[in-house]
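Asker: Below: sequence and its predicted model.
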Amino acid sequence: MVVGVVVKRDGREVPFDRSRISHAIEMAFRAEVGSPFPDPLPAEVHGRIDAITEAVVATLGQEKAPTAASVEEIQDEVERQLMTAGAYGVARRYILYREARARRREEQALRVVDPEGCELLLNRA
């Protein structure tokens, strides 16, 4: 079975797009080798990107609820597959990028206290 829907952080559901995973992996490889987009990458690197992307998609399709996956689940699987492929430096860059994006999202969130005194984070979007 194949993942058909991705659940975004805000709860929206969008169609699964394999190319987004491939692009994220490519950008991590580019950061590791210092090759800016859209400069060409060696065929060997493209082969590794395709293989890792395929492993991510195949693993997601084997999960308990294979028709839907959250953004976080997909990103976690990308990290696992990068490490399984021995691309430790690339995995490190990918992890650091995720952490930086999470911090940026948190900084942009509004902190609100509800009537019971609980603090909530609201996305400005």
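Answerer: Looks like it arrived, so ask away.
Asker: name the element the residue nearest to Val112 when sequence neighbours are not counted belongs to?
Answerer: Of all residues not flanking Val112 in the chain, Leu120 sits nearest, at 5.0 Å (C-beta to C-beta, 6 or more residues apart in numbering). Just so you know, the C-beta spots here come from the backbone N, C-alpha and C atoms, and that holds for glycine as well. Using DSSP states H and E, the element containing Leu120 is strand 119-122.
Asker: Which strands or helices does that strand pack on?
Answerer: strand 110-113 (3 or more C-beta pairs under 8 Å, 6 or more residues apart in numbering; DSSP states H and E).
Asker: Just list what the strand it packs on packs against, helices and strands only.
Answerer: Using 3+ C-beta pairs under 8 Å, 6+ apart: strand 110-113 touches strand 119-122.
Asker: Touching the strand it packs on from outside, list them.
Answerer: 106, 109-114 (C-beta atoms under 8 Å, 6 or more residues apart in numbering).
Asker: can you check stretch 18-36 too?
Answerer: 37, 39, 41, 45, 48-50, 52-53, 56-57, 74-75, 78, 82, 87, 89-91, 93-94, 97.
Asker: Tell me the buried residues within those.
Answerer: By neighbour count, with 16 or more other C-beta atoms under 10 Å, the contacts of stretch 18-36 hold 41, 45, 48-49, 52-53, 56-57, 74-75, 78, 82, 87, 90-91, 93-94 as buried.
Asker: follow-up on the earlier one: ok, and the most crowded of the contacts of strand 119-122?
Answerer: Ala109 (14 neighbours; other C-beta atoms under 10 Å).
Asker: Can you read off the pLDDT for that one?
Answerer: Per-residue confidence (pLDDT) for Ala109: 69.
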